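> quick check, what structure comes out for this input:
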Amino acid sequence: MFCFQPTLRQQATSLLLSAAVVAVAASGCSQNPYFAGSGFGGPAGGSGAWNVPQNGQVPQSEARISELSRRVQLLDDNNRQLHTQLAQTEQQTQVYRDESELLRKQLAEVSNQMQSTKMAARQAEDRVRGMQASTQLQPRVRGEAAITPNTNMSQMVSRLNLGGIPVIADGNVIRIVIPSDQLFQPGTAQLHPQSAATLDPIAAQLRSVFPKNRIGIEGYSDNGPLYGGAVSSTHQLTATQAAAVLDLMTRRAGMPPGQLFTVAQGANNPRQSNDTAAGRAANRRIELVIYPENL
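Numbers count the residues shown, from 1 in each chain. This is a model prediction of the structure:
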């Protein structure tokens, strides 16, 4: 705590003590038999007689002491008031800190609940889509491929060995999640030179394990700003990225074009919060979605 009053009080106390010393000295000299008067000087006019003390000198000193005492008391009162106000301010500040911390925790809980709700809704949509594909798709006209369901998807996940690339069983579909930063230059649909080294092994296993399953190439982005002016929206960016992956997997890896299709999700359905750099990086991704129906 900071208080400026003790210095003033010390000055007042010093003045008070000085005045008291003067008063005591004046009183003592006036009663000394060797000094017939006040003024503490020598004999007036060389007559050998001392000056007579001025009437009211001691009372004036006492009045001065009384005034200084009053001022010291006033400073004490002001100091106590300042201490009280400072304590009240610190107490109120702590109350505000506690309320702010509580609101921060509540906000974090709401954010986590929203993310969980989005994920649950997305999984429900995928399950509905898979069920519809399994029950409603009928064989096409003679000469075209018939689409039939593959209901053993969850057991097929273990047959995919993609190293550090996540493979997720999501309801009736399987998702292969590839970070976009491993495939593209930042914020563009321009493939890295090493992107083929990432996609070629995946395409080889898809040809082996899911040679006839429908596979969607879904592009996702974070909600960050776009740079360079090549695209005007995250949907346009992710559509271009998904098309680039499709081209590489069909032209270089030899997958049938009719087996693949693309979806641009933009910044929809984030996997993590976009509030952190790690979360935004996780949301920039290409997902290869393997559906249960076969061609």
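> which ones are touching the nearest residue to Ser221 once chain neighbours are set aside?
Leaving out its chain neighbours, the residue that sits closest to Ser221 by C-beta to C-beta, 6 or more residues apart in numbering is Thr234, at 4.2 Å. For the C-beta atoms, the positions are set from N, CA and C on the backbone; glycine is no exception. Contacts for Thr234 (C-beta atoms under 8 Å, 6 or more residues apart in numbering) come out as Ser221, Asp222, Asn223, Leu226, Gly266, Ala267.
> now the closest residue to the second one other than its chain neighbours: which helix or strand?
Spelled out, it's Asp222. The shortest distance from Asp222 to any non-neighbouring residue, by C-beta to C-beta, 6+ apart, is to Arg280 (3.9 Å). Taking DSSP states H and E as the definition, Arg280 sits inside helix 277-283.
> on contacts alone, who are the packing partners of the next helix or strand after that helix?
Sequence order places strand 285-294 as the next helix or strand after helix 277-283, per DSSP H and E. Where contact means 3 or more C-beta pairs under 8 Å, 6 or more residues apart in numbering; DSSP states H and E, strand 285-294 is packed against helix 57-136, strand 148-149, helix 153-156, strand 173-179, helix 195-209, strand 213-220, helix 234-251.
> among the contacts of Thr234, which has the minimum pLDDT value?
On pLDDT alone, Leu226 ranks lowest of the contacts of Thr234, at 83.
> ok, it touching Ala189?
No. In this structure Leu226 lies outside contact range of Ala189 using C-beta atoms under 8 Å: 11.7 Å.
> neighbour count for the two, which is higher?
Per other C-beta atoms under 10 Å, whichever of Leu226 and Ala189 has more neighbours is Ala189, with 21 against 15.
> what do Leu226 and Ala189 both touch?
With contacts taken as C-beta under 8 Å, 6+ apart, Leu226 and Ala189 have Leu237 as neighbours in common.
> how much space between Pro211 and Ala203?
In this view, Pro211 and Ala203 are 11 Å apart by C-beta to C-beta, to the nearest Å.
> so these two - more neighbours on which side?
Neighbour count, other C-beta under 10 Å: between Pro211 and Ala203, Ala203 has more, with 20 against 12.
> tell me the pLDDT of that one.
Here the pLDDT value assigned to Ala203 is 94.
> report the contact partners of it.
Per C-beta under 8 Å, 6+ apart, neighbours of Ala203: Met249, Ala253, Gly254, Met255.
> by neighbours, which of those residues wins?
Met249 (25 neighbours).
> domains of the protein?
Here the domain parsing of the chain from automatic domain parsing is 5-36+54-103, 137-294.
> out of the ones you listed, which is the most enclosed?
With neighbours taken as mean count of other C-beta atoms under 10 Å, these reach their highest mean count in domain 137-294, at a mean of 16.
> what's the spacing between the closest residue to Ser273 other than its chain neighbours and Pro186?
Counting by C-beta to C-beta, 6+ apart, the nearest residue to Ser273 once its immediate chain neighbours are dropped is Gly279, at 4.5 Å. Separation of Gly279 from Pro186 (C-beta to C-beta): 16 Å.
> that'll do, ta.
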